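Asks: what's the 3D shape of this:
(one chain, ligands or ions: 1)
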Amino acid sequence: MSDLKALLTQIRDTFRTEVQSVTTSADAENLRVRFLGKKGELTGVLRGMGALSPEERPIVGQLANEVRAEMESAIDATLQQILTSEKEAKLKNQQIDVTLPGKSFPTGSRHPLYKAIDEICEVFLGLGYSIAEGPEVEYDYYNFEKLRIPKGHPARDTQDTFYISENILLRTQTSPVQVRVMENTKPPIKVVCPGKVYRSDALDSTHSPIFHQIEGLVVDKGVTMGDLVGSLQLFARKLFGENTKIRLRPHHFQFTEPSCEVDLTCWACGGKGCRVCKGEGWIEVLGAGMVHPGVLSGCGIDPDIYSGFAFGIGVERSAMGRYGIDDIRNLYENDVRFLRQFK
Ligand code: DAH
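Replies: Predicted coordinates for the structure are as follows:
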């Protein structure tokens, strides 16, 4: 009996030492298996009890129970401690500092050309115009013929473009949209038509083979040149400031009569003359005129009843003036360092 008691005490002492060095929940479980499992050390002792006399058995049994109880509670307590500190460590690791600044995602912005288009269209929308669009790949018929520029006409020379086939081309102007609108709509008509146009020009600081125009068209009974001047004056003031003046110079376009080119007082010097306006005090921004009677009748509108005016605004010119951009190429290179300035 004393052998068994000594063995029990020895097992208990070993356990007490070993439980001290348990640091993980896996260690604790291993310890439980080693001492209390089916093949564990304590179980081995209990098996040996069968050889004891009936008087000795309860004495050793009691000690064995005490040892087992001590082991079980020590393992449970250790395990609890470990789980708590493991949880704490995990929480500490995953700590979120809600006061840290958020991650910022770069946001884009509207391209200055499209900002200018929006701003210009906004002025005309305020005057009751609506927006019309037409194809960039256009028939020669709409781009030239219907605007009284037949094949071989010298007016074509200034608008050389990219041909898809003999009769299909990249439009050189937004004016064909006028024709498409007049063919499909009865007067009164009041539209602006923004969009890309193409010419086979070499790229330099003021020219690009792709650029933008905004066409304007008003057709109704009794529309006069005075209406055109009033509308353009408003456009000039709204976009370039209240003191901006406009100047009309006689010009020739095949599809308007009379025709004019329209200058604005220079946005850089206000009209005194500077480098931007090459000393002129004025900058040309658009072409305009009264819609030619031949164009009206060609679209099924009776020129004896209706009259109209039209204009074509150069968007790049306007945007460069409005935002102080001195090289047109900046507008097409998509360099974010440039674009960022117009946020
Ligand atoms: N389409 C002409 C151009 O690209 C500009 C223009 C002039 C448009 C007179 C018009 C207009 O509507 O009436 O040079």
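Asks: which SSE is immediately downstream of the helix or strand bottoming out on mean pLDDT in the chain?
Replies: The helix or strand of the chain with the poorest confidence is helix 41-48; it has a mean of 80 (mean pLDDT, DSSP states H and E). As assigned by DSSP states H and E, the chain's next helix or strand after helix 41-48 is helix 56-93.
Asks: tell me if Phe311 really is in a strand.
Replies: Yes. Applying DSSP: H, G, I helix; E, B strand; the rest coil, one finds Phe311 inside a strand.
Asks: from Gly314, how far off is the nearest residue to it once chain neighbours are set aside?
Replies: Closest residue to Phe311 apart from its sequence neighbours, by C-beta to C-beta, 6 or more residues apart in numbering: Ala288 at 3.7 Å. For glycine as for every other residue, the C-beta is placed from the backbone atoms N, C-alpha and C. From Ala288 across to Gly314, the span is 12 Å (C-beta to C-beta, to the nearest Å).
Asks: of those two, give the one with the bigger neighbour count.
Replies: Neighbour count, other C-beta atoms under 10 Å: between Ala288 and Gly314, Ala288 has more, with 24 against 18.
Asks: buried residues in stretch 139-157?
Replies: 139-140, 142-149, 156 (16 or more other C-beta atoms under 10 Å).
Asks: hang on, the earlier thing: in the least confident helix or strand of the chain, which residues are buried?
Replies: The neighbour-count check on helix 41-48 (16+ other C-beta under 10 Å) flags 41-42, 45-46 as buried.
Asks: hmm, who's touching it?
Replies: Residues from elsewhere that reach helix 41-48 (C-beta atoms under 8 Å, 6 or more residues apart in numbering): 4, 7-8, 11, 34-37, 64, 67-68, 71.
Asks: go again with 7 Å.
Replies: 4, 7-8, 11, 34-37, 64, 67-68 (C-beta atoms under 7 Å, 6 or more residues apart in numbering).
Asks: kindly reformat those residues as CSV containing secondary structure, neighbour count and pLDDT.
Replies: Formatted as CSV, the contacts of helix 41-48 follow (DSSP: H, G, I helix; E, B strand; the rest coil; neighbours: other C-beta atoms under 10 Å; pLDDT from 0 to 100):
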residue, secondary structure, neighbour count, pLDDT
Leu4, helix, 19, 80
Leu7, helix, 17, 84
Leu8, helix, 20, 85
Ile11, helix, 19, 87
Arg34, helix, 15, 86
Phe35, helix, 23, 85
Leu36, helix, 17, 85
Gly37, coil, 14, 84
Ala64, helix, 22, 84
Val67, helix, 19, 86
Arg68, helix, 19, 88
